[in-house]
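> Sequence plus the predicted model coming up.
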Amino acid sequence: MKNYKSGKYINQGTFKSFLPEKINKQWNIENMELVNLLSQADRQLGRLDMYSEYIPNIDLFISMHIAKEATKSSKIEGTKTNIEDVLLEKEDVNEEKRDDWEEVQNYISALNSAIESLKKLPFSSRLIKETHNTLLKGVRGKHKLPGKYRSSQNWIGGASLSDATFIPPPFSAINDYMGDLEKFAHNDEFYFPDLLKIALIHYQFETIHPFLDGNGRVGRLMITLYLVEKGILKKPILYLSDFFERNRTLYYDNLMRVREKNDITQWFKFFLVGITETAKSGIETFDGILKLQKEVENKIQKLGSRSNNAQLIINHLFQRPIINARQTKGITSLSLPSVYKLLKELEELKVIEEITGGKRGKLFIFEKYIGLFE
């Protein structure tokens with residue numbers, strides 16, 4: 001990668017847009033530090049993937065991983081929703097937060113439907129467009145061609161093209177570039193490690209910036225889709241948005257460094273460190289889940305004959321850790337007086353905590369569980 005050239009700027013009259021080099025070609029790794037980072041990232045991902053097999057009912061916890069990812073990825077774009085808000089029903093969300101809440105809910109829907117689509121669709125432009133359509137449907141970006149590549153020039157940073165930080169290629173080149181990206185994703189003729197492959201795909205996608213809105217969220221979501229499609233992860237349990245959000249300036253700087261200084265190696269290093277740190281964090285979270293499960297099971301055994309219904313509530317809370325009496329009634333089929341009594345007992349056992357302070361419309365939160373994801 002010593003002679004790597006990221007692309008060139010072309011004059012478009014009043015501004016210059018960037019034309020990246022295509023990526024579907026032979027790549028060679030010469031940097032030994034990069035090889036070492038790749039080895040560490042592979043090792044930690046393998047541990048995380050294996051670890052997930054030992055977690056009972058892993059699908060219960062995936063929804064929380066997705067909720068966290070949706071919150072963090074959207075936060076990079078400026079939404080102010082936190083994970084507790086995301087877990088609320090729409091009617092329980094403050095009016096001023098509902099637009100942000102809906103955008104994050106769309107992200108959750110987009111990721112869930114994309115994971116499901118992988119069973120019949122490959123990682124492809126079609127999948128990316130379908131995911132983008134779900135992401136922007138009915139929210140603030142709904143007028144910005146959901147599910148379609150842009151048909152006008154866009155830019156990053158600044159109020160207009162004249163003061164933009166970066167101007168992606170013209171819309172007329174998008175189909176060609178995305179076709180090249182798709183071929184690279186599935187090219188088995190030239191070997192290139194999958195983690196570096198998706199790092200390069202993410203960089204290239206953000207540089208092409210094929211949509212009018214939602215490029216960052218779709219680009220980050222693509223990382224997980226690729227890892228699942230390639231069988232590197234059996235379940236969608238690794239998301240880099242938290243790492244990118246905590247290192248937001250470095251994230252953007254490293255992407256720009258590729259374009260301005262042809263330094264793809266630094267981007268690869270940053271990406272692999274993100275994979276390693278995020279995988280380690282995921283393992284710690286699973287450790288915490290296992291310990292919390294045992295702790296809660298021991299507590300609800302004290303409820304005797306009511307422990308079975310308590311367990312039904314706990315199973316729900318591990319998937320959606322905020323609950324009210326109406327939902328509890330649906331889960332347990334108990335009468336409302338019995339529901340309130342059981343919730344009160346779980347509160348006294350310090351399994352859940354009431355967060356509204358009111359007499360009606362009470363909401364109970366599984367705080368220790370949410371804390372594992374924050």
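Nice, thanks for sending it over.
> Which stretches in the chain count as strands?
Counting by DSSP state E, the chain has strands at residues 7-11, 16-20, 322-323, 353-354, 364-365.
> In TSV: these, plus mean neighbour count.
For the C-beta atoms, the positions are set from N, CA and C on the backbone; glycine is no exception. As requested, the strands of the chain are exported to TSV (neighbours: other C-beta atoms under 10 Å):
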stretch	mean neighbour count
strand 7-11	12
strand 16-20	18
strand 322-323	21
strand 353-354	13
strand 364-365	22
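> who wins for proximity to Gln105 among the ones you listed?
strand 322-323 (14.3 Å; C-beta to C-beta).
> Between the strands of the chain, which one is closest to Lys230.
Taking these one by one with C-beta to C-beta, strand 16-20 is closest: 23.2 Å.
> Excluding its own residues, what touches the closest one? List them.
6-10, 153, 166-170, 173, 177, 204, 207-208, 259 (C-beta atoms under 8 Å, 6 or more residues apart in numbering).
> thinking again about what came up before, dump the strands of the chain into JSON lines; add distance to Phe271 and mean pLDDT as well.
JSON lines is the format used below for those (distance: least, C-beta to C-beta, whole Å; pLDDT from 0 to 100):
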{"stretch": "strand 7-11", "distance to Phe271": "19", "mean pLDDT": "96"}
{"stretch": "strand 16-20", "distance to Phe271": "17", "mean pLDDT": "97"}
{"stretch": "strand 322-323", "distance to Phe271": "34", "mean pLDDT": "94"}
{"stretch": "strand 353-354", "distance to Phe271": "38", "mean pLDDT": "94"}
{"stretch": "strand 364-365", "distance to Phe271": "35", "mean pLDDT": "94"}
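> any chance of those in JSON lines, plus distance to Glu284?
Conversion of those to JSON lines gives the following (distance: least, C-beta to C-beta, whole Å):
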{"stretch": "strand 7-11", "distance to Glu284": "39"}
{"stretch": "strand 16-20", "distance to Glu284": "37"}
{"stretch": "strand 322-323", "distance to Glu284": "23"}
{"stretch": "strand 353-354", "distance to Glu284": "23"}
{"stretch": "strand 364-365", "distance to Glu284": "22"}
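> what sits against Gly361?
Asp92, Asn324.
> Sorry, slip of the keys, the one I care about is Lys142.
With C-beta under 8 Å, 6+ apart, Lys142 has these contacts: Leu136.
> Model confidence at it, what's the number?
pLDDT, Lys142: 75.
> Repeat that for Glu84.
Taking Glu84 on its own, its pLDDT is 86.
> That one and Glu353 touch, don't they?
No: using C-beta atoms under 8 Å, Glu84 is not in contact with Glu353; the gap is 11.7 Å.
> hey, what's in contact with both of the two?
With C-beta under 8 Å, 6+ apart as the test, Glu84 and Glu353 both reach Ile365.
> Counting neighbours, what do you get for Glu91?
7 (other C-beta atoms under 10 Å).
> And it, how far from Gln301?
35 Å (C-beta to C-beta, to the nearest Å).
> can you check Asn36 too?
According to C-beta to C-beta, Asn36 stands 48 Å off from Gln301.
> Go ahead and flag the most central residue of the chain.
Note on the chain: the residue nearest the mean C-alpha position is Glu69, at 3.6 Å, using C-alpha atoms, centre = their mean.
> excluding its backbone neighbours, what's nearest that residue?
Leaving aside its sequence neighbours, Glu69 sits nearest to Tyr239 (C-beta to C-beta, 6 or more residues apart in numbering; 3.7 Å).
> Please apply the same query to Gln44.
In this structure, Gln44 finds its nearest non-sequential neighbour in Ala279, 3.7 Å apart by C-beta to C-beta, 6+ apart.
> dump the residue contacts of the one you found.
Contacts for Ala279 (C-beta under 8 Å, 6+ apart) come out as Ala41, Gln44, Leu45, Arg47, Leu48, Leu238.
> Now list the buried members of those residues.
Ala41, Gln44, Leu45, Leu48, Leu238 (16 or more other C-beta atoms under 10 Å).
> from the residues you listed, which ones fall inside helices?
Members of these lying in helices (criterion: DSSP state H): Ala41, Gln44, Leu45, Leu48.
> Would you format these as a markdown table with distance to Leu292 and pLDDT included?
A markdown table is the format used below for these (distance: C-beta to C-beta, whole Å; pLDDT from 0 to 100):
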| residue | distance to Leu292 | pLDDT |
| --- | --- | --- |
| Ala41 | 28 | 98 |
| Gln44 | 22 | 97 |
| Leu45 | 24 | 96 |
| Leu48 | 18 | 93 |
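> quick one: which of the residues you listed is nearest Phe364?
Using C-beta to C-beta, Leu48 comes nearest to Phe364 of these, at 30.7 Å.
> Go ahead and confirm that closest one touches Ile283.
Yes: Leu48 lies in contact with Ile283 (C-beta under 8 Å); the separation is 5.6 Å.
> thinking Phe61 is in contact with Leu290, fair?
No: using C-beta under 8 Å, Phe61 makes no contact with Leu290, being 10.5 Å away.
> For these two, indicate the residue with more neighbours.
Between Phe61 and Leu290, counted using other C-beta under 10 Å, Phe61 has the larger neighbour count: 22 against 14.
> Using the record, which stretches count as separate domains in this structure?
Domains of the chain are assigned by automatic domain parsing as 7-285, 289-371.
> Let's see stretch 117-125 as CSV, backbone CA atoms only.
Taking Å, rounded to 0.1, in the frame of the first residue of the first chain, the C-alpha atoms of stretch 117-125 are listed here in CSV:
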residue,chain,number,x,y,z
SER,A,117,-32.7,-9.6,4.4
LEU,A,118,-29.2,-11.1,4.5
LYS,A,119,-30.9,-14.6,4.5
LYS,A,120,-32.0,-14.0,0.9
LEU,A,121,-30.0,-11.0,-0.4
PRO,A,122,-26.2,-10.6,-0.5
PHE,A,123,-24.3,-7.6,0.7
SER,A,124,-25.2,-5.3,-2.2
SER,A,125,-26.4,-2.0,-3.6
